Structures are given as structure tokens and as C-alpha cells.
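> Here is my input; please provide its structure:
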Amino acid sequence: MVKKVFLLIMLCSLSFSGLTAQIRYCMSYADYQEDNWTELDTLKLKGRTQDHWIKTDNDSLNKVLKEEAFAVLYHDTLLVNKAHMYYQGERFGKGYAPAYIYGNGQICFVSRLPREIDGSRPSTGAMFGAFGGLIAGAYAASSEGYYCFLVKREYEGGRKEVRIIDDKYMQRYEKNSPEFYADYMSVKKQKKREAASHVLPLLKHWRLIR
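From the prediction side, this is the model:
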């Protein structure tokens, strides 16, 4: 477990090293795709195992970031707002999740399944700063019950649908990238194979996320 957490912390710290170090946010998935960001002067990131809470010194802006914004770029860390994310008709709930750029620009993030998210679960404690949030995200990804999701599409009104990276999704690589697919299938039990603790390091190793 310790080795897994350390590896995932390193993955997080390297994921966005090529991006410009600044604090900014965007309001929609379309804005993200068009690189349309608004800069912020200051920001606090409070990390937990389940999610991350973002605050500024402006109450009105805090409401926007909590309920309406799509993503925040906190120095070298990308986080996406789960407030309007849905998987199979179920809503994830509020809070930001550490995210990665997948393939040619899709967003990959780690979370429990919506029906398994419980706000009463204990947190890892308050940690301010990007690296503190990354440690919480890395811990979550190494824990049981977490999966990797991709933002699939955004509808008018802000609702966003996501897909899970599971056996069915990975079948697309069976013919085009058989070595990657074999690496993924090397874990025999489906539950462990589909877990973020297996998928996230695998995506990083094969340079499918950054």
C-alpha cells in the first residue's frame, strides 16, 4: 500500500509539469476545450479522500466555483468539479477531483461510483496547497472502490455525462494496442483490474494521460 501511494503521488506531481504555473478556472467543458480560462489571484485547496473544496476570499466567486465552474487549474494541478457530473443517470455530488489529460484532450478523473459516495466518510484531514490535495487524490486512487472516469459530453444547462474506464471500454485497445491491452488484462480479478489503483498507473506508464 505504501509503495502504491508513493507511486501515485509521483504520478500526480508530474502529470501537469508542462502547463503554465498559474491559478485559473473555466466555466464549461466547451471553455476547457477552447482554452478559455479566467485567472484568479489567490485560492485555497482543501483536500479530502472523497473530494477537494476550493475557496477564495470572495464569497460570490466561491459560490460560482462550487456550483457552476467546470475546472480549476491550480498551478500544475487540474481539478474538475463533480457538481454536474452524471454516470448512468446518477449524480456524483459536489467537490473537485484531481484530473488528467487523456489522449488528445479528454479529461480523466478518479472517484467512487456515485451510489457509493458518502459524505459521512472520514477525510484525510485538511491540507492546504496543491501538493496536499494531490496526496489526498493519490491516497484515494490507491484505495478500494475508486475508478477512473472520462468526461464524455456536456449538455445545454451544464449537465455532463461520464464513462467509466472498465473492461468494456478497454476492449477498444485489444486489436490496435494488444500489448497495452495485455498489460491491463494481466490482473485476473475484474474488480481489481478495473480499479483506479491498477488503471491510473497503467495509463501513465503507457503515456495515455499527462
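> any idea where the strands of the protein begin and end?
Using DSSP state E, the strands assigned to the chain run over residues 22-26, 38-39, 44-47, 52-55, 71-75, 77-81, 85-87, 90-91, 96-102, 106-112, 146-154, 160-164.
> who's sitting farthest from the centroid in the protein?
Farthest-out residue of the chain from its mean C-alpha position, per C-alpha atoms, centre = their mean: residue 175, at 27.5 Å.
> Residue ranges in the chain under the pLDDT threshold?
Where the chain drops to pLDDT under 70, the residues are 1-21, 45-50, 117-143.
> For it, which segments count as helices?
In the chain, the helices defined using DSSP state H lie at 2-15, 29-33, 59-67, 130-142, 167-170, 173-176, 178-185, 190-194, 196-205.
> quick one, what contacts the spatially most central residue of the chain?
Among the residues of the chain, the one closest to the centroid is residue 109, at 2.3 Å (C-alpha atoms, centre = their mean). Contact partners of residue 109, counting by C-beta atoms under 8 Å, 6 or more residues apart in numbering, are 80, 82, 97, 98, 99, 100, 148, 149, 151. Bear in mind the C-beta positions are built from the backbone N, C-alpha and C, glycine included.
> Wait, the second one touches residue 94, no?
Yes. Assessed by C-beta atoms under 8 Å, residue 82 is found in contact with residue 94 at 6.6 Å.
> Between these two, which is the more surrounded one?
residue 82 (24 against 16; other C-beta atoms under 10 Å).
> For the more buried one, give its distance to residue 106.
For residue 82, the distance to residue 106 equals 16 Å [C-beta to C-beta, to the nearest Å].
> Residue 194 now?
Counting by C-beta to C-beta, the gap from residue 194 to residue 106 is 18 Å.
> So which of those two has more stuff around it?
residue 194 (20 against 15).
> need the contact list for the closest residue to residue 23 other than its chain neighbours.
Excluding the flanking residues, the one nearest residue 23 by C-beta to C-beta, 6 or more residues apart in numbering is residue 40, at 4.4 Å. Neighbouring residues of residue 40 by C-beta under 8 Å, 6+ apart: 23, 24, 25, 56, 61.
> Could I have the buried ones of the residues you listed as ChimeraX selection syntax?
In ChimeraX syntax, the buried subset of the contacts of residue 40 is picked out as below (16 or more other C-beta atoms under 10 Å):
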select :23,25,56,61
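> Tabulate the contacts of residue 40 (CSV), appending distance to residue 32.
Below are these laid out as CSV (distance: C-beta to C-beta, whole Å):
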residue, distance to residue 32
23, 15
24, 11
25, 10
56, 20
61, 18
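> Name the nearest of the contacts of residue 40 relative to residue 31.
residue 25 (9.2 Å; C-beta to C-beta).
> Pretty sure the closest one sits against residue 65.
Yes. Residue 25 lies in contact with residue 65 (C-beta under 8 Å); the separation is 6.4 Å.
> quick one: contacts for residue 145?
Counting by C-beta under 8 Å, 6+ apart, residue 145 has contacts 112, 113, 116, 195.
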